[in-house]
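K.L.:
Mind folding the following:
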Amino acid sequence: MPDLAPASAPPAELPLRPQDEVECRRCEVHCDRVVYPGACVGRSCPFVYAYEAWGHTYMGCMQKVFDVEIDLDLLGELEARREGFGAVKARKTPLPMCQSEISPCYEHRGDDVGCRNPEFFELPLERPSFRVFASL
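P.N.:
Predicted coordinates:
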């Protein structure tokens, strides 16, 4: 006789290295890794490129950590304000010099179980947990 019990949904599989992902959708609170393009310019990141078109200068990331190109004048104007320009969604794992963080969305959807993937918030293994700056 066939089993008439409803099939349960398979458990969501965790990836081998969840801290290297750029988004997590394992619960109703959706989390994204974001980067701050203003910090890229401020830190003189070697992977920032700029070009002129239509009377404006646009900047982007050669490593495609984020895939948008931003008007440099607008970025500078907004960075001068207290709130700053803000963050954009990362499309690749941020580099060690990137200013990045996890941005949760729909936090009100959280439940008693909490985060299904706490390793998502950890630093990648090859990334140092501290930075050393030399001043000469």
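
K.L.:
any idea how far residue 88 is from residue 75?
P.N.:
Going from residue 75 to residue 88 by C-beta to C-beta, to the nearest Å gives 11 Å. Glycine gets a C-beta too; all of them are placed from N, C-alpha and C.

K.L.:
in stretch 94-109, what's buried?
P.N.:
94, 95, 98, 99, 100 (16 or more other C-beta atoms under 10 Å).

K.L.:
which of those lies closest to residue 34?
P.N.:
Checking these against residue 34 by C-beta to C-beta gives residue 100 as the nearest, at 6.4 Å.

K.L.:
Show me the helices in this structure, by range?
P.N.:
37-42, 72-79 (DSSP state H).

K.L.:
Relative to residue 110, which of the ones you listed is closest?
P.N.:
helix 37-42 (28.5 Å).

K.L.:
Could you list every helix and strand that the closest one packs against?
P.N.:
Judged by 3 or more C-beta pairs under 8 Å, 6 or more residues apart in numbering; DSSP states H and E, the packing partners of helix 37-42 are strand 56-61, helix 72-79.

K.L.:
which of these is buried the deepest?
P.N.:
Highest mean neighbour count among the helices and strands packed on helix 37-42 (mean count of other C-beta atoms under 10 Å): strand 56-61, with a mean of 18.

K.L.:
What strands flank that strand, and is each parallel or antiparallel?
P.N.:
strand 48-53 (antiparallel), strand 70-71 (antiparallel) (DSSP bridges).

K.L.:
No further questions, thank you.
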